[in-house]
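1. mind folding the following:
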Amino acid sequence: MERKETPLAGLVLLKPRIFSDDRGAFLESFNQREFARTIGEEIRFVQDNESRSRIGVLRGLHFQAAPHAQGKLVHVVHGAVLDVCVDIRKRSPTYGQHFKVLLDGDTKEMLWIPPGFAHGFLALEEGTLFSYKCTEYYHPPAERTLAWNDPMLKIDWGTTTPIMSPKDRQGLSLEALHAELTS
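-> Okay, the predicted model is just below:
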């Protein structure tokens, strides 16, 4: 597994080894020992989630507030997404900055998203299958949504009319979330 740094500390892109021949391809989608060696720490996952999305569906930007903050290891099984992470760690020098990357079912790159980031993605292909491992259980009272179109974040999603859930359309600005979490 190859580690690629991103401009946001702690957020790491991982490229697995894929073995291909005329029959198809094989890869080890997760190995705890290899993941810990590559990330540099032992991380415990407690829940796996999967979503299937139509083209144009935007999910996010989601996170769970402390003490239920989640780290996530995400990848695309089939299809493609524009994956976006926003640093919401108040004391981080990159607070409010975002990182975006194309993840697809062909390259199988994964993204390690530590606690302290809001995360979302836009499905770029019909029937995109997105998978993620979480370090904390889903805890509904801790769930928050950062507005995907907060002008302060300046995220270019490549669309202004995504398909979204009503909950995701109600996302709060970074400023409003900051005020809520510090009050």
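2. backbone phi and psi for the most centrally placed residue in the chain, please?
-> By C-alpha atoms, centre = their mean, the chain has its centre lying nearest to residue 119, at 4.3 Å. Backbone torsions of residue 119, given as degrees, to the nearest 10, read phi -130, psi 140.
3. residues touching it, list them.
-> By C-beta atoms under 8 Å, 6 or more residues apart in numbering, residue 119 lies in contact with 60, 61, 62, 63, 72, 74, 83, 84, 85, 86, 113. In this view, the C-beta of every residue, glycine as well, is placed from N, C-alpha and C.
4. and the first one, that one's in a strand?
-> Spelled out, it's residue 60. Yes. Membership of residue 60 in a strand is supported by DSSP: H, G, I helix; E, B strand; the rest coil.
5. local confidence estimate at the spatially closest residue to it that is not a sequence neighbour?
-> Excluding the flanking residues, the one nearest residue 60 by C-beta to C-beta, 6 or more residues apart in numbering is residue 120, at 1.9 Å. Looking at residue 120, its pLDDT reads 98.
6. please apply the same query to residue 27.
-> 88.
7. contacting residues for it?
-> Residue 27 is in contact with 16, 17, 18, 19, 108, counting by C-beta under 8 Å, 6+ apart.
8. now do 10 Å
-> 1, 16, 17, 18, 19, 20, 108 (C-beta atoms under 10 Å, 6 or more residues apart in numbering).
9. of those residues, just the buried ones, ChimeraX syntax please.
-> A single ChimeraX command is used to select the members of the contacts of residue 27 judged buried by 16 or more other C-beta atoms under 10 Å:
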select :1,16,108
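10. output the contacts of residue 27 as JSON lines; include the columns secondary structure and pLDDT.
-> Below are these laid out as JSON lines (DSSP: H, G, I helix; E, B strand; the rest coil; pLDDT from 0 to 100):
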{"residue": "1", "secondary structure": "coil", "pLDDT": "88"}
{"residue": "16", "secondary structure": "coil", "pLDDT": "91"}
{"residue": "17", "secondary structure": "coil", "pLDDT": "90"}
{"residue": "18", "secondary structure": "strand", "pLDDT": "90"}
{"residue": "19", "secondary structure": "strand", "pLDDT": "90"}
{"residue": "20", "secondary structure": "strand", "pLDDT": "90"}
{"residue": "108", "secondary structure": "coil", "pLDDT": "95"}
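11. from the contact counts, what lies against the lowest-mean-pLDDT helix or strand in the chain?
-> The weakest-scoring helix or strand in the chain, judged by mean pLDDT, DSSP states H and E, is helix 174-182 (a mean of 85). Contact partners of helix 174-182 among helices and strands, from 3 or more C-beta pairs under 10 Å, 6 or more residues apart in numbering; DSSP states H and E: strand 58-64, strand 143-145.
12. in that helix, what's buried?
-> Across helix 174-182, burial judged by 16+ other C-beta under 10 Å covers 174, 177.
13. what's next to that helix, contact-wise?
-> Outside helix 174-182, the residues touching it (C-beta under 10 Å, 6+ apart) are 61, 63, 65-66, 86, 88, 90, 95-96, 118, 144-147, 150-153, 171-173.
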